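# sequence and predicted structure are below.
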Amino acid sequence: MAETSEKIKFLVADTTAFINAVPLNEYAEQVLTVPDVVAEVRNKRQIRRLCVLPFDLQVREPRPESIKHCVEFAKKTGDYASLSGIDLKVISLTYELEADNVGTDHLRQEPVMAQTIASKDKPEEMQDANNKRLVGWYMPEGEEEEEEDSEEEDDYSQEEDDAEGDEQEANESPDTVKAAIEAQLAGKEPFASETIEKEEDQDQEPSQEELDKLFEQLKCAPSAEEEKELSELLVSQPAEVDEEVSEPQEAKQSQNLDEDVGDDGWITHSNIKKAKKALEGKVETDEVPPVACMTTDYALQNVLKQLNLHLAALNGRIIKQLRTYILRCYACYKTTSIMTKVFCPNCGNKTLKRVAVSLDENGRQVIHINTRRPLTNKYKNQSLPRFQGGKHSRNPILFEDQPMPRQMPSRVAKTKTNALDQDYTAGFSPFVLRDVDSKSAMLRSKGNLKEWARNNNFEEDRRRKNYNRLYK
Amino acid sequence: MEAENIRADAFEPAKRATKRGASGGGQQDVEMQVDEATGIEGQVLGSSRASAPPKAKRARSELRKVSVPPHRYSSLKEHWMKIFTPVVEHMKLQIRFNMKARQVELRVGPETPDIANLQRGADFVRAFLCGFEVDDALALLRLEDLFVESFEIKDVKTLRGDHQSRAIGRLAGKGGRTKFTIENVTKTRIVLADSKIHILGSYQNIQLARRAVCNLILGSPPSKVYGNLRAVASRLSERM
């Protein structure tokens, strides 16, 4: 992010940013936080780091009107129960800064409910993410399916531009069908129009025909909401204009690079940034908003996104879209939103599975369970080895707060070769030393971690016939 | 007469380079023949500007294709971003993966400062596909005197059945300690891939590591190999 000269003007930091020691001054001009967030940091090392921050941290309390507004909004989105008082203050401070510096026209008063037809169907965004191909992976003599994948590539030839037009027309028909179905189910026109707009925002190259259809639908919509939708369109139009401007530049570049081999799939010096972003995922964008909040709490992110405020990830990028997962226990059917849990917080068993959630029209959570992968109790009834004590014991992990020995690799084992460092060529050796002599290296070579983990896998292990045999 | 003399002078260092690099099968020999063309850097550029050579020859000298073995396909996918980032940003090349031919293709772009970057990028990709880590293979992009030597156990001694397994066990050591010790003393990186052995390092260090590895294959105990390594390494350091 040091390459981009733009910075976020006001960045509201949560406790996570301080715990992870994020260099906030590289991403933002001014960093603000709530005094309770500073008090929430309790680790000695983190407190020491907090005292010697290389930038001015502004500690500020939000106004009571902002807190009141955000509390009511959080109750509407349903996240109020999982938000603490400190979280509400962080949201309020972000809302206050946005209202003071940008305005409140684009902020929502009511949360927008995500439309879901049925719980069996996953949202399109989740399905697409699994099927996409890596950037720079090129299939010659492309068929129709492969041409769809080639849309992601930056360099386009004229023939492919024509193919894209055909594909867009094909893509429009299922969207209209889904929109009609959603309209019938919801019984309200504004939701349908909003979903249409969201789908069109995803298309990178909307054509004039789409715009004409948009205007036709807008005329059919009631007059009270026409103004809002028109304003949203106006906001989205300059982005489209920017895209159109960038296209001829890409065409010129592709013409310059034309040689015997086609340009499809080549990662060049000019398009490597786009390739990196495509690999990192479309969740983050390079647009730099004036006000953003940096947090990793899901409920906080959900409320901020519903308010139409901006989110920043820990690496300084802006999060465009949220995908929500929770853990669900298949023994007691309870759910938890803490994704780092391994054991169920309700019944204590190791029975948590990650599931996707979305909201239906009534505001209730819908859990998308993969029913094609059935649960099984195979390998659940196994003998356990005798529990060992001592400093370097290795026992199967059976419950949540089981005490474990600290078996850390040494500093030499953690170092890695950094060949792109400036001082690399003056080094003693082209490669870093392997750790062979330390105590942890001896312990690792004694039992050989991989083999130990393989032999002591007290769960599913289908590759070995004698899965019950223990390592001697 | 003058032109012939210049070419004769230019050919000699190229031949020396081929001797150092040559270690594998016939394919590498063919590739080294291509290296001779790129080895004459100034002349190739000058001749291309002056006489405008045919496109086929030009495309061959400006394009590299590295085949991906099937067992490295998933690793390439995992580390794809770490591979193309230094190749495009640092070496100013262009890269893509041809899914039909299963080859990583590299070529020279208009921003490439030196045409020798193409061979270095290809060596980097080839080292990764041999089994080296990306961080270690990146050293090939920074240092000019690093090479990869590959040979098999049967090149040293024909071993069958359990004898070969014992030899591989001697090479690796318990938890990899013998291999790591050889790597630390000789400042190389060694990859044991079934019965193939790849060594990455400078020329002298490759010689040291190869001798240690060959002694282990022939049956020397690791402690003897350690002693010999320390003696030779200390002698070399005194010489330096």
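Perfect, thanks for sending it.
# what's residue 97 in contact with, if anything?
Picking chain A for this. A:Phe10, A:Val12, A:Leu32, A:Val291 (Cβ atoms under 8 Å, 6 or more residues apart in numbering or on different chains). The way it works is simple: take the backbone N, C-alpha and C, and place the C-beta from them, glycine included.
# nope, chain B
A:Leu134, A:Gly136, A:Trp137, A:Tyr138, A:Gly265, B:Val68, B:Leu76, B:Trp80, B:Gln103, B:Val104, B:Glu105 are the contacts of B:Phe97 under Cβ under 8 Å, 6+ apart.
# and those residues as JSON lines, adding neighbour count and pLDDT?
Output for those, formatted as JSON lines (neighbours: other Cβ atoms under 10 Å in any protein chain shown; pLDDT from 0 to 100):
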{"residue": "A:Leu134", "neighbour count": "16", "pLDDT": "70"}
{"residue": "A:Gly136", "neighbour count": "26", "pLDDT": "79"}
{"residue": "A:Trp137", "neighbour count": "16", "pLDDT": "76"}
{"residue": "A:Tyr138", "neighbour count": "25", "pLDDT": "74"}
{"residue": "A:Gly265", "neighbour count": "24", "pLDDT": "76"}
{"residue": "B:Val68", "neighbour count": "20", "pLDDT": "92"}
{"residue": "B:Leu76", "neighbour count": "19", "pLDDT": "89"}
{"residue": "B:Trp80", "neighbour count": "20", "pLDDT": "88"}
{"residue": "B:Gln103", "neighbour count": "16", "pLDDT": "88"}
{"residue": "B:Val104", "neighbour count": "26", "pLDDT": "91"}
{"residue": "B:Glu105", "neighbour count": "21", "pLDDT": "86"}
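# for these, which one is nearest B:Lys174?
B:Leu76 (30.4 Å; Cβ to Cβ).
# ranges for the helices of chain B?
B:2-21, B:26-39, B:41-51, B:55-61, B:73-78, B:80-85, B:116-130, B:134-137, B:139-142, B:153-156, B:162-172, B:177-186, B:203-218, B:222-239 (DSSP state H).
# from the contacts of B:Phe97, which is closest to A:Tyr330?
A:Leu134 (33.2 Å).
# check chain B for the residue nearest chain A and tell me.
B:Gly175 (2.7 Å; Cβ to the nearest Cβ).
# pLDDT below threshold where in chain B?
B:1-61, B:239-240 (pLDDT under 70).
# that should have said the stretch 51-200 of chain A, apologies.
In the predicted model of the stretch 51-200 of chain A, residues A:108-133, A:141-200 satisfy pLDDT under 70.
# those residues of it touching chain B, which are they?
Residues of the stretch 51-200 of chain A lying close to chain B by Cβ under 8 Å from any Cβ of the partner chain are A:Leu134, A:Val135, A:Gly136, A:Trp137, A:Tyr138, A:Met139, A:Pro140, A:Glu141.
# for chain B, what's the nearest residue on the stretch 201-350 of chain A?
Closest approach between the stretch 201-350 of chain A and chain B, counting by Cβ to the nearest Cβ: A:Gly265, at 4.1 Å.
# ok, that residue touching A:Trp137?
Yes: proximity of A:Gly265 to A:Trp137 meets the contact threshold set by Cβ atoms under 8 Å, at 6.7 Å.
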